[in-house]
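>>> my questions are about this predicted structure, shown below with the sequence.
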Amino acid sequence: MTTENTSKGQPWLYGPAPDLLFGCGVLFLLASVLLTSGGSALFQAIPLAVPILLVAFVSAPHYGATLIRVYDKRADRRAYFVFSVVTTALIVALFGVALIDRWTGSVLATVYLTWAGWHYTGQNYGISMMFLRRRGVDPSGLAGPVLYASFVLSFLLVFLVLHGQQTPVADPSLEIRLIPLAIPEVANRLLVPLVGVAYLATTSVAAGMLVRRANRFADLLPTATLVFVQALWWSIPYAARHFGVFAGVVPLGADFRGGFFTWIALAHAAQYLWIASYYARAAPGWDGQARYYGRVLLAGTAIWTLPAIVFAPRADEFDWNFALLLAAAVNVHHFVLDGAIWKLRHSRIARILIADGLELEAGERKPGLVRSGVWALCAIALVLSILSLADRFYVFPAALQAGRLEAAAASLDRQASLGLADSVNRFRLGRRFEAVGDLAAASTQYELSAKQTPRIEPFRRLVAIYDRTRNAEGFVRSCDGIFELSSVGDSLSKRREAQRRGFPAFRDRCIRLVQGTRPSVMNPLVRYE
């Protein structure tokens with residue numbers, strides 16, 4: 001959001017409690033305090049079903065809110081034609097190319113992973129400015145630009161660390177991944193502290209200016225909270241990563257970033273639904289919060305589920321490349337639309353979000369065959385998504401516990417057909433098949449587990465099975481998998497040294513083992529359990 005207008009409305013949208021909890025991220029702050037006090041044990045004890053269900057019913061609808069906002073009314077589709085049609089077509093075309101060209105997918109993923117920080121930052125900034133104007137705090141002159149500079153520098157800090165020199169972990173032409181700009185480490189040693197100091201300085205100066213303009217401190221509370229949330233989401237964790245501190249603190253440590261970011265994304269999505277629903281209810285056609293949520297849930301689920309049904313590889317070919325590619329395409333589309341539709345300098349948006357006005361044009365949604373067909377597809381997508389969740393959290397665990405292993409395998413196949421790979425459960429199922437002596441089914445599950453998320457353990461089990469069944473091709477392929485995983489992350493010189501000393505011999509021993517000449521001592525990477 002960006003803003004130019006100043007107008008005073010009611011200080012809150014829904015009221016102090018919902019606005020602070022959802023709009024300003026206080027609920028997230030409370031959860032962070034709880035997780036920090038409980039440490040990694042509490043964080044890891046949270047059942048996997050909790051964040052996944054929240055993503056399905058909070059995060060997915062926030063994408064739907066943008067789709068409804070842009071495509072539901074003809075007037076909006078026309079007003080945003082460049083973004084709703086032209087740009088959308090370009091993103092779809094890129095997605096299509098990326099399905100067959102991993103380099104294109106890696107570029108798209110890099111745009112997504114980089115832009116995400118700015119997208120979250122822009123939303124925090126826009127809402128903070130909205131609260132200032134609703135409360136009559138004038139951010140004109142230098143106050144507004146300095147506050148904006150604070151948010152920009154917060155993102156710049158993230159950008160520098162994200163794109164610093166990194167040891168490559170995969171070839172972007174073979175595996176879709178972030179392609180860092182490889183900012184030299186010596187440059188970041190200077191730039192990161194400078195940007196950090198500038199960020200703290202602009203934040204402090206903006207705070208001082210706004211304090212002098214506010215009638216009371218309470219008028220600055222929402223904005224101050226959002227500034228702190230922005231720091232907790234982005235600035236502090238990335239600065240901590242750069243300086244190697246707070247490694248064991250759940251909200252800040254780099255080791256927890258992947259899992260904890262889900263909770264940041266949920267807080268962002270709740271924030272988005274909070275403001276989008278307030279804007280939507282100002283329209284003449286408002287039909288209640290429940291119906292609005294139902295519509296955004298349908299649209300948001302469809303944008304994730306339908307492409308997965310059509311384009312996801314078959315269950316026996318699934319890998320995480322498609323998952324990241326779909327996430328990149330959906331999010332970049334969301335970022336583009338979101339940047340176009342939420343600008344407080346636009347009179348209609350300012351009238352509703354700042355001055356509590358009503359939308360002047362009805363822009364009625366007329367029922368028709370195309371509209372009905374679209375909503376029918378969305379409903380099918382929602383049903384399939386719910387069935388997939390039931391598969392994941394009820395059907396598969398129940399079948400595995402009851403020993404109905406074929407039913408459990410079918411459940412995982414259905415999940416994979418919707419783009420939901422589960423390498424851990426594939427491995428668990430493989431162990432169960434192996435325990436009852438069905439080595440063919442066990443090797444199938446291990447192969448899928450290793451393909452979805454390459455790890456040593458599935459390859460070890462495959463080595464054992466293929467040795468027992470004298471499958472030379474599978475045995476050597478599994479040994480190659482262990483070889484590749486064991487060399488990932490080493491420097492070029494270390495990898496060459498490892499190859500010279502042990503890895504070629506390891507491969508030869510694998511081949512001799514298949515041919516019946518067992519070495520006296522197996523490489524320690526291969527363990528039979």
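Alright, I've got the coordinates.
>>> for the longest helix anywhere in the chain, packing partners?
Longest helix in the chain by number of residues (criterion: DSSP state H): helix 102-134. Helix 102-134 sits against helix 88-98, helix 143-162, helix 221-230, helix 257-280, helix 320-341, with contacts defined as 3 or more CB pairs under 8 Å, 6 or more residues apart in numbering; DSSP states H and E. Every residue, glycine included, has its C-beta placed from N, CA and C.
>>> and that helix with helix 257-280, angle?
Put simply, helix 102-134 runs at 50 degrees to helix 257-280, going by axes from the mean of the first three to the mean of the last three CA atoms, to 10 degrees.
>>> now helix 102-134: buried residues?
102, 104-134 (16 or more other CB atoms under 10 Å).
>>> pLDDT on it, on average?
The pLDDT scores in helix 102-134 average 96.
>>> okay, now the unreliable bits of this structure?
Applying pLDDT under 70 to the chain flags the ranges 1-9, 168-170, 314-319, 344-348, 350-351, 354-367, 483-529.
>>> which parts of it belong to which domain?
Here the domain parsing of the chain from automatic domain parsing is 16-365, 383-514.
>>> now do the first one: distance to the chain's middle.
Looking back up the chat, that one is domain 16-365. 10 Å (CA atoms, centre = their mean, to the nearest Å).
>>> cool, the last one as well?
Here domain 383-514 is found 25 Å from its chain centre; the criterion is CA atoms, centre = their mean.
>>> dump the helices and strands packed on helix 102-134 into CSV; add mean neighbour count and distance to residue 449 as well.
Converted to CSV, the helices and strands packed on helix 102-134 look like this (neighbours: other CB atoms under 10 Å; distance: least, CB to CB, whole Å):
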stretch, mean neighbour count, distance to residue 449
helix 88-98, 15, 25
helix 143-162, 22, 30
helix 221-230, 21, 38
helix 257-280, 19, 19
helix 320-341, 20, 12
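>>> which of those sits closest to residue 25?
helix 221-230 (3.9 Å; CB to CB).
>>> quick one: list the elements packing against that closest one.
Packed next to helix 221-230, using 3+ CB pairs under 8 Å, 6+ apart, are helix 26-45, helix 102-134, helix 143-162, helix 185-213.
>>> tell me what the third one is packed against?
This means helix 143-162. Here helix 143-162 touches helix 102-134, helix 185-213, helix 221-230, helix 236-243, going by 3+ CB pairs under 8 Å, 6+ apart.
>>> contacting residues around the third one?
Which is helix 221-230. Residues from elsewhere that reach helix 221-230 (CB atoms under 8 Å, 6 or more residues apart in numbering): 19-20, 23-26, 28-29, 120-121, 124-125, 127-129, 131-132, 137, 147, 150-151, 154, 203, 207, 210, 267.
>>> out of the domains of the chain, the one nearest residue 376 is which?
Nearest to residue 376, of all those, is domain 16-365, at 9.9 Å by CB to CB.
>>> before we move on, back to that, make CSV from the helices and strands packed on helix 143-162 and add distance to residue 385 to it.
Shown next, in CSV, are those (distance: least, CB to CB, whole Å):
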stretch, distance to residue 385
helix 102-134, 22
helix 185-213, 40
helix 221-230, 29
helix 236-243, 31
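>>> quick one: closest of the ones you listed to residue 450.
The closest of those to residue 450 is helix 102-134. By CB to CB, the value is 18.9 Å.
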